[in-house]
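Undergrad: Got a predicted structure here, sequence first:
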Amino acid sequence: MNFETIEKLCCPFDKSDLTLTEIKRDENQNVEEGFFVCKSCKRLYPIIKGIPIMSPDEYREFDLEKPTLDRWQKHLKGGEFVNFRLESGN
């Protein structure tokens, strides 16, 4: 995912700004893996193979996303992935 596209994205639910956490870039410096978190509703949108998963909650599959987010646990900074949202750690 290139940075020109990233700058144009907002949360599809409440149109709030997104915070990007990069995990891996490709040889062209595009984001290959990472995730967005909405500053308002705290929904987490993973970027997998350069593609952001920004579908409505009812069309997302928690069981498919969870293994990837488990692998990225250190990048969640103590937060927990619950109901497609990043909840702060205690």
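TA: Right, received. Where do you want to start?
Undergrad: hang on, E87 packs against K42?
TA: Yes: counting by C-beta atoms under 8 Å, E87 touches K42, with 7.1 Å between them. Backbone N, C-alpha and C define where each C-beta goes, glycine included.
Undergrad: Between the two, tell me which one has more neighbours.
TA: The residue with more neighbours, out of E87 and K42, is K42; 18 against 14, by other C-beta atoms under 10 Å.
Undergrad: ok, that one - contacts?
TA: When contacts are counted by C-beta atoms under 8 Å, 6 or more residues apart in numbering, K42 touches R85, L86, E87.
Undergrad: Just the closest of the residues you listed to M1, please.
TA: Of all the contacts of K42, M1 sits closest to L86, with 19.1 Å by C-beta to C-beta.
Undergrad: Mind jotting down where the helices sit in the chain?
TA: Assigned by DSSP state H, the chain shows helices spanning 3-8, 62-71.
Undergrad: ok, and for the first one, which residues are buried?
TA: So the one you mean is helix 3-8. Under the neighbour-count criterion of 16 or more other C-beta atoms under 10 Å, helix 3-8 has I6 buried.
Undergrad: who's in contact with that helix?
TA: Taking C-beta under 8 Å, 6+ apart as the rule, helix 3-8 contacts L20, N30, V31.
Undergrad: try it again with 10 Å
TA: For helix 3-8, the surrounding residues in contact (C-beta atoms under 10 Å, 6 or more residues apart in numbering) are L18, L20, E22, Q29, N30, V31, G34, F36, I47, G50, P52.
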